[in-house]
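> Build the 3D model from these lines:
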Amino acid sequence: MIDPADEATVHAQLGRSPRAIHAVGHRCPCGNPDVVTTEPRLPNGTPFPTTFYLTCPRAASMIGTLEGSGLMKEMQARLGEDAELAAAYRRAHEAYLAVRSELGEVPEIAGISAGGMPDRVKCLHVLAGHALAAGPGVNPLGDEVLELLGEWWASGPCVAPEP
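Numbers count the residues shown, from 1 in each chain. Next up, the predicted model:
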């Protein structure tokens, strides 16, 4: 179960009640959760393929800027040109699915991960969330996004943690 203080922090980060949180997937160096691991179904039964949900608004905003820069199109082109990168991205997709299957099987989204994996790049937020939760070396494009972000936490927590 998630600690109520962490849930309150995630609520403040998102500006709404979080849904289907299973656990904190990663903590920012500031101490706040920055990724939550979610259940594969929302409380109303809807399948939810985004297992690793980035919650830090500062990181999310910076990633939105990267998305607007054309980075996804560049990454997508590289997937078509670099067989080694494409194979690593496919392995990231498989790792994502393996974690989700530990949380529960949802036939409606079987074989579907998130962020466009394994063949497309469509959401850098998801790729960064996966890279944070899984650690370096699992999602190559997520690792690249994190490198481009730099130390997004350096100016302090994005929200004040609950006392």
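> Can you check what pLDDT the model gives the most centrally placed residue in the chain?
By Cα atoms, centre = their mean, the chain has its centre lying nearest to Gly129, at 2.2 Å. Gly129 is assigned a pLDDT of 98 by the prediction.
> Check which helix or strand it maps to.
helix 124-134 (DSSP states H and E).
> same thing with Ala92?
helix 83-103.
> now Val35
Using DSSP H and E, the element containing Val35 is strand 33-38.
> buried sites along the very next helix or strand once past that strand?
Tracing the chain C-terminally past strand 33-38 and defining elements by DSSP H and E, one meets strand 52-54 next. Using 16 or more other Cβ atoms under 10 Å as the test for burial, strand 52-54 gives Phe52, Tyr53, Leu54. (C-beta placed from N, C-alpha, C; glycine too.)
> Stretch 92-110 too?
Those would be Ala92, His93, Ala95, Tyr96, Leu97, Val99, Arg100, Leu103, Val106, Ile109, for stretch 92-110 by 16+ other Cβ under 10 Å.
> Quick check: closest non-adjacent residue to Arg19.
Leu42 (5.4 Å; Cβ to Cβ, 6 or more residues apart in numbering).
> Check Ala128 too.
Val145 (4.4 Å).
> In contact with that neighbour: list those residues for me.
Ile63, Leu66, Leu71, Leu124, Leu127, Ala128, Ala131 (Cβ atoms under 8 Å, 6 or more residues apart in numbering).
> rerun at 6 Å
Each residue near Val145 by Cβ atoms under 6 Å, 6 or more residues apart in numbering is listed here: Leu124, Leu127, Ala128.
> burial of the first one, as a residue count?
By other Cβ atoms under 10 Å, the residues close to Leu124 number 28.
> re the thing from before, from the middle of its chain, how far away would the strand holding Val35 be?
8 Å (Cα atoms, centre = their mean, to the nearest Å).
> I'd like the mean pLDDT over it, please.
Here the average pLDDT along strand 33-38 is 98.
> Repeat that for stretch 7-16.
Here the average pLDDT along stretch 7-16 is 96.
> Show me which parts of the helix or strand hosting Leu148 are buried, residue by residue.
Under the criterion of DSSP H and E, Leu148 resides in helix 140-149. By 16+ other Cβ under 10 Å, the buried positions in helix 140-149 come out as Pro140, Leu141, Gly142, Asp143, Glu144, Val145, Leu146, Leu149.
> Which of these sits closest to Arg19?
Minimum distance to Arg19 across the buried residues of helix 140-149 is 22.3 Å, recorded for Gly142 (Cβ to Cβ).
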